[in-house]
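Enquirer: 3D, please:
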Amino acid sequence: QVQLVESGGGLVQAGGSLRLSCAVSGRSFSSYNIGWFRQAPGKERESVAAISKNGAMTYYSDSVKGRFTISRDKAKNTVYLQMNSLKPEDTAAYYCAADLTYYWLSKRTPDYWGQGTQVTVSS
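Expert: I've put the predicted structure just below:
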C-alpha cells in the first residue's frame, strides 16, 4: 500500500503562486510514478501533471503548461507542484495519485490517491 497526503492549498489572488506537496509513505517511493489531478465543482477530473519514478519524464496538460512545474525529492519522499501565474479557472480540489505504470500515457486511473487539498484563486 501507498499513502499520499497533500498539503499547501489555500486562497490566493490571480497571478499569485502556490506550491502543493504530496508526502508519500508506504512502499518504495522510487517505484511509483506520481501525478496531480484536479476537480472543480461540476467538472470532470483533470490530470494536470505527472512525473515518472526516476524524474526523467514529465507530463503537463495544455491548461497548465508553462505555469506549473512538477518535481520530486527522493530524500523527502515528496512530490511538489509549483503553481505560478494562477488563474481563477485553476480553482479546484487538487489530488496527488501514484501508480506503477506511466498512467498518463494509457489514460489509466492511478491505483493510489490522496485526500486532496483545496486551491482557490480569486479574481
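Enquirer: please count neighbours and contacts with C-alpha atoms only from this point.
Expert: Noted.
Enquirer: can you give me the offset of stretch 73-81 from its chain's centre?
Expert: Stretch 73-81 has its C-alpha centroid displaced from the chain centroid by 12 Å (Cα atoms, centre = their mean, to the nearest Å).
Enquirer: what is the rounded mean pLDDT of that stretch?
Expert: The average pLDDT within stretch 73-81 is 96.
Enquirer: give me the contacts around it.
Expert: Contacts with stretch 73-81, where a contact means Cα atoms under 8 Å, 6 or more residues apart in numbering, come from 19-25, 29-30, 34, 36, 68-72.
Enquirer: among these, which two are most distant?
Expert: Greatest spatial distance among the contacts of stretch 73-81 (Cα to Cα): 25 and 68, at 24.0 Å.
Enquirer: the more surrounded of the two?
Expert: Each of residue 25 and residue 68 had its neighbours counted (other Cα atoms under 10 Å), and the higher figure belongs to residue 68 (20 against 15).
Enquirer: gap between the two ends of stretch 51-64?
Expert: 14 Å (Cα to Cα, to the nearest Å).
Enquirer: the residue nearest to residue 102 when sequence neighbours are not counted: how many residues sit nearby?
Expert: Distance criterion Cα to Cα, 6 or more residues apart in numbering; nearest residue to residue 102, sequence neighbours excluded, is residue 33 at 6.5 Å. Other residues lying near residue 33 total 23 when counted by other Cα under 10 Å.
Enquirer: my guess is residue 33 contacts residue 52. True?
Expert: Yes. With contact defined as Cα atoms under 8 Å, residue 33 counts as touching residue 52 (4.5 Å).
Enquirer: need the overlap of contacts for those two.
Expert: Overlap of the contact sets of residue 33 and residue 52 (by Cα under 8 Å, 6+ apart) consists of residue 102.
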